[in-house]
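In: Coordinates only, no sequence provided:
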Ligand code: HPA
Ligand code: ZN
């Protein structure tokens, strides 16, 4: 067998939890800062990377929103997306469902169209260049009022044929899913898929609310669901996909050591866990790195690694035929290596 890293990099996989703004590498941040004449409070790439030491989610979000300030034009969003897809391609990624945060940009005065038109252009180009397919998930910032997310959904009306789903991100504690009941109801009525970050820092009750009030198709993170045995059983029974992000969990102190990460436990329990990068430019690794470091830290077997890859397709919003084709490609790869 090829060594673990080579095996993982070649394994066909999908990424289901990726904030595109979190793929903005410091080098590109400087490039956009120069070309858009937007000042950033750092003198070098090294200084930026040194600032990426977080003790919780909010520490990270403060610097992540600051980083997004350099994104001004459609070209910026397209270039950022293309840089991500190049990395995903090198990591064996075949499909991605990417989050973006419209309010982060409209609140700075950018028209709604700038981010989405740029991202859609990048996604189209990635399919042509790498054969990687992708879908777009529009996230609402939960630290803002629901009125802001309702306005955002309205702005998105002309694009609803190109938006697959909606999500809920940003500061979790104190902002339960129930705060967004109306906007998620409206999104469901428009046929959009439903995701929500829950149980990253927030309690199991937030995972319950995401299921019962928002009617989610997937839970993003979900780590703290494990504190509630009945909830865990329900997630297993209903086959809910968890988009787990191990290196994010480490960087944001959701776990203090990767050896304590619950990924293996989740699989043992029968949860449909997937392995993702969240905000790779900030958390120190793209999807393959997340697979490799987690596999090493918690001793994932080859079969468990293959299961994670299959779960990434079965938990995706692709049609049944595409899912079957991708799962078969994972099986064929595993049989050959
Ligand atoms: N959690 C919540 N909100 C986010 C994250 C995250 O990990 N990344 C970007 N926005
Ligand atoms: Zn996230």
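Out: Happy to help now that I have it. Keep in mind that what you see is a predicted model, and the values were worked out from it rather than measured. Numbers count the residues shown, from 1 in each chain. Ligands and ions are numbered 1, 2, ... in the order given.
In: Quick check: the residue of the stretch 151-300 of the chain nearest ligand 1.
Out: residue 169 (3.5 Å; CB to the nearest ligand atom). The way it works is simple: take the backbone N, C-alpha and C, and place the C-beta from them, glycine included.
In: List the contacts of stretch 313-327.
Out: Here stretch 313-327 makes contact (CB atoms under 8 Å, 6 or more residues apart in numbering) with 12, 14, 16, 94-95, 97, 133, 135, 164-165, 193, 217-218, 241, 243, 272, 274, 310, 330.
In: redo that, cut-off 7 Å
Out: By CB atoms under 7 Å, 6 or more residues apart in numbering, the residues outside stretch 313-327 that reach it are 12, 14, 16, 94-95, 97, 135, 164-165, 193, 218, 241, 272, 274, 310.
In: can you check stretch 278-287 too?
Out: Residues external to stretch 278-287 that are found in contact with it (CB under 7 Å, 6+ apart): 13, 15, 17-19, 22-25, 52, 60, 64, 87-88, 91, 93, 245, 247-248, 251, 276-277, 293.
In: Among those, which are located in helices?
Out: Using DSSP state H, 60, 64, 87-88, 247-248, 251, 293 are the members of the contacts of stretch 278-287 that sit in helices.
In: which of those count as buried?
Out: With burial judged by 16 or more other CB atoms under 10 Å, the buried subset of the ones in helices among the contacts of stretch 278-287 is 60, 64, 87-88, 247-248, 251, 293.
In: possible to save those as TSV with pLDDT and distance to residue 197?
Out: Below are these laid out as TSV (pLDDT from 0 to 100; distance: CB to CB, whole Å):
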residue	pLDDT	distance to residue 197
60	98	13
64	97	14
87	98	22
88	99	21
247	98	16
248	98	11
251	98	15
293	98	22
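In: For those, could you give me CSV that also reports distance to residue 75?
Out: Below are those laid out as CSV (distance: CB to CB, whole Å):
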residue, distance to residue 75
60, 26
64, 21
87, 19
88, 20
247, 29
248, 28
251, 29
293, 33
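In: Take the contacts of stretch 313-327 and keep only those in strands.
Out: Per DSSP state E, strands hold the following members of the contacts of stretch 313-327: 14, 16, 94-95, 97, 135, 165, 193, 218, 241, 272, 274.
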